[in-house]
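Model the following, please.
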Amino acid sequence: MREYLKEGIKKIGVEIDDEKIDKLMEYLKLLMEYNSHTNLTAIRDEEGIIEKHFLDSILLMKHIKLEKGKALDIGTGAGFPGMVLAICNPDIEFTLIDSVGKKINFLKQVKEKLHLINVEPVNVRAEEYINDENRESYDLGFCRGVSKLNTILEYVIPFLKVDGRFLPQKMEGTNEENESQSALKILKSEITKIYEEELPYCKDKRIIVEVVKKAKTDKKYPRRVGIPLKKPL
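Now for the predicted structure:
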């Protein structure tokens with residue numbers, strides 16, 4: 001499995017050293033063990049997890065463009081993409097948020113066993129986590145498969161600094177970027193680029209949208225829990 005991961009990384013076109021690959025393999029082992037008794041991911045075979053979770057997260061490595069700073073992954077689940085990216089970018093501080101306690105408990109174990117000092121898993125909803133201290137304090141935002149783009153923009157953009165970047169991952173052909181123009185305008189952000197990627201073995205297409213925050217966000221966003229999902233901007 002290590003060679004499968006390593007070859008997949010090579011096919012994507014990024015470089016990750018052996019020490020980080022070893023940590024990713026330890027993370028995989030912990031995930032397989034935990035998933036055997038507590039459902040964290042519907043994908044259960046090692047090759048599937050490596051490609052659909054690990055390598056899918058590593059696609060973002062081509063577009064991070066940040067050596068040091070702070071990053072936020074909302075709806076991280078079992079740590080995708082946030083935990084994978086934290087392992088690969090030890091000089092970036094990652095906050096991993098999820099409302100499901102069992103998933104955050106698992107990530108806390110991964111943090112402890114892999115001795116990761118740049119990761120903070122938090123069991124909370126995004127709307128409840130934001131405060132004066134962490135509002136507009138992050139350089140990068142991530143969110144994979146949580147909801148439609150016009151909804152997740154309201155969760156993520158208030159956390160970002162002006163000129164901060166949000167890199168949501170989407171399946172090909174969802175057209176969500178066109179449905180998000182109102183939310184982008186309200187949140188004073190814009191889509192600056194759309195990257196087309198594909199997984200290295202199965203060739204499934206992926207879209208990475210680059211959103212840049214252009215000005216400060218009105219403090220009334222995000223709205224209270226549940227509203228962004230029920231009534232997207």
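
list the buried ones in the lengthiest helix in the chain?
If you go by DSSP state H, the chain has its longest helix at helix 18-35. By 16 or more other C-beta atoms under 10 Å, the buried positions in helix 18-35 come out as 20-21, 23-25, 27-28, 30-32, 34-35. No exception for glycine: its C-beta is placed from N, CA and C like everyone else's.

Reformat those as CSV; add pLDDT and distance to T192.
Shown next, in CSV, are the buried residues of helix 18-35 (pLDDT from 0 to 100; distance: C-beta to C-beta, whole Å):
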residue, pLDDT, distance to T192
K20, 97, 29
I21, 97, 31
K23, 97, 32
L24, 97, 30
M25, 97, 35
Y27, 97, 31
L28, 96, 34
L30, 96, 36
L31, 95, 34
M32, 93, 38
Y34, 90, 38
N35, 89, 37
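
Just the C-alphas of the helix or strand following the longest helix of the chain, formatted as CSV.
Downstream of helix 18-35, the first helix or strand assigned by DSSP states H and E is helix 46-49. Provided in CSV are the C-alpha atoms of helix 46-49 (Å, rounded to 0.1, in the frame of the first residue of the first chain):
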residue,chain,number,x,y,z
GLU,A,46,-7.2,0.4,1.6
GLU,A,47,-6.8,1.2,-2.1
GLY,A,48,-10.2,3.0,-2.1
ILE,A,49,-9.3,5.1,1.0
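
same for helix 46-49, what does it pack against?
helix 18-35 (3 or more C-beta pairs under 8 Å, 6 or more residues apart in numbering; DSSP states H and E).

I'd assumed V156 was in contact with K213.
No - with contacts counted by C-beta atoms under 8 Å, K213 stays clear of V156, the gap being 9.3 Å.

The nearest residue to N123 once chain neighbours are set aside and K214: what is the separation?
Using C-beta to C-beta, 6 or more residues apart in numbering and skipping the chain neighbours, the partner closest in space to N123 is I104 (4.0 Å). For I104, the distance to K214 equals 32 Å [C-beta to C-beta, to the nearest Å].

can you count the residues close to Q181?
13 (other C-beta atoms under 10 Å).

quick one, helices of the protein?
According to DSSP H, the helices that the chain contains are 2-12, 18-35, 46-49, 56-58, 82-88, 101-113, 126-129, 149-156, 176-179, 181-186, 227-230.

Summarise which helices and strands the fifth one is packed against.
Packing partners of helix 82-88 (3+ C-beta pairs under 8 Å, 6+ apart): helix 18-35, helix 56-58, strand 69-74, strand 92-98, strand 119-123.

Between the helices of the chain, which one is closest to L72.
helix 149-156 (7.0 Å; C-beta to C-beta).

which strands and helices sit next to the closest one?
Looks like helix 149-156 contacts strand 69-74, helix 126-129, helix 176-179, helix 181-186, helix 227-230 (3+ C-beta pairs under 8 Å, 6+ apart).

May I have the distance across stretch 83-99, first residue to last?
End-to-end distance of stretch 83-99 (C-alpha to C-alpha, to the nearest Å): 16 Å.
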